[in-house]
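Trainee: just the structure for this:
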Amino acid sequence: MPTEIKCPNCGHQFPMEEAMAEEYKKDLRDQMQKFIREKEAAFVSREKELQQQQQQQEAALRKSISNDFEHRLRLLQDAQKDSEEKLRTARQKELEYLKKEQDLKNKEAELELSVQKLLQQERGKLAEEIRHLEEQKIAARETAHQMKYKELEKQLEDQKRLAADAEKSLEELKRKAEQGSMQLQGEVQELALEELLRNNFPFDEISEVGKGIRGADCIQLVRNNFGQECGKIIYESKRTAVFSHDWIEKLKADMRSQGAHIAVIVTQAMPKDMPCFGERNGVWICSFSEVKALAYVLRDGIIRIFNANRSQENKGDKMQLLYSYLTSSEFSEQWKAIREGFLAMKQSIQKERDTMERLWKAREKQLEKVLLNAAHVRGSIEGIAGKDAIEVSLLEDEDDLPDE
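Mentor: Next up, the predicted model:
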């Protein structure tokens, strides 16, 4: 049961619990108001403190912006100096590049000229080899035809002669017609060899050695273009199935007896170790298809040796003639003309070089102006929009500006 309390003033009665609750509530309200006042005072103090901090931060920010602007200005100035240095480097690189390009063009021209000359020489050699091979093939075919024709012609002549000779018997005629003897074949090749030499060397004297006379089958007396006798070549014609090495010593003896310079064996059967023409123990050996080319080479060698020996004759007189020519007015005037042509060409080249250098200087000034203006535009754009906003570099290898 709650305890009632009577008010001394009005005499009203109320439970003691209600009186205590009201007192407790009042106390709580006082504490709440005190707490609110304290919090409001703390909030006002904190607000003032925050305002001071904000003012300090704004001052620091303004100082940072000023320092940053000065830093950017220094960077722009450094970038301008760097751009000027790069511009000088670029001009130097361009000049070196032009020099290297000109040197490369000169070397390419020289290489192209050398290659063209080499190709022309190789084409000439290849054409000469092909022509030589074709001539050998044609000569071989012509030789075969000539041999066959001369064999038939010889057989016909022999048959006519034998038929006209009443003292010969019919059996002898049949034997010679069927035999196609080795002597007949050898005579045919001898005649063909003499005809070949006469047709190809009309200035030389081609003489036949008669049958029964010791010596070679054919002698070629070599003459030069002036009709001077330069030397002798003797030929031995063989048309057998097997080559005999005794022919070499026999022909060497014939060469000494005839006073010849070179001896040649023209044979159908080559030595086993010689697939083509060559020299063996001082004697040249070749087939009938090779004798034409070999004769040209040997004949040219004889003429060259003859001319070399002749050139040594009267050597003192020739030196006197050469000295007279070198000290003559004719030589002086000719050399003067050569010198004048050389100087004129040199002056022309120097004028072209001066013209090109002036042109390069003018272009270099234009390039400097363009790069300088581009550097100013780039600095203005980067100062407004930032470094990476727009790419305006003119040179591919131009370094980027330092980061902010």
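Trainee: how about stretch 296-314: buried residues?
Mentor: Within stretch 296-314, the residues that count as buried by 16 or more other Cβ atoms under 10 Å are 298-299, 302-303, 306. Heads up, the C-betas are built off the backbone N, CA and C, glycines and all.
Trainee: per-domain residue ranges of the protein.
Mentor: 90-180, 203-311 (automatic domain parsing).
Trainee: turn those domains into CSV, columns for distance to D78 and mean pLDDT.
Mentor: Below are these laid out as CSV (distance: least, Cβ to Cβ, whole Å; pLDDT from 0 to 100):
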stretch, distance to D78, mean pLDDT
domain 90-180, 18, 72
domain 203-311, 80, 85
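Trainee: of these, which stretch is the most buried?
Mentor: Stretch with highest mean neighbour count among the domains of the chain: domain 203-311 (a mean of 16; mean count of other Cβ atoms under 10 Å).
Trainee: now that one, how far from the centre of its chain.
Mentor: Mean-position distance between domain 203-311 and its chain equals 46 Å (Cα atoms, centre = their mean, to the nearest Å).
Trainee: so how far is the first residue of that domain from its last?
Mentor: End-to-end span of domain 203-311 (Cα to Cα, to the nearest Å): 22 Å.
Trainee: this structure: strands as residue ranges?
Mentor: 4-6, 13-15, 205-208, 218-223, 229-238, 262-267, 278-280, 283-286 (DSSP state E).
Trainee: for the ones you listed, which one sits closest to A140?
Mentor: strand 283-286 (12.7 Å; Cβ to Cβ).
Trainee: what pairs with that closest one, parallel or antiparallel?
Mentor: According to DSSP bridges, strand 283-286 forms sheet pairs with strand 262-267 (parallel), strand 278-280 (antiparallel).
Trainee: same list (the buried residues of stretch 296-314) but as a markdown table, adding distance to K292.
Mentor: Output for the buried residues of stretch 296-314, formatted as a markdown table (distance: Cβ to Cβ, whole Å):
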| residue | distance to K292 |
| --- | --- |
| L298 | 11 |
| R299 | 11 |
| I302 | 16 |
| I303 | 17 |
| F306 | 21 |
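Trainee: can you flag which of the residues you listed belong to helices?
Mentor: 298-299, 302-303, 306 (DSSP state H).
Trainee: residues in contact with the spatially closest residue to L371 that is not a sequence neighbour?
Mentor: Nearest non-adjacent residue to L371, counting by Cβ to Cβ, 6 or more residues apart in numbering: L87, 5.0 Å away. By Cβ atoms under 8 Å, 6 or more residues apart in numbering, L87 lies in contact with 368, 371-372, 375.
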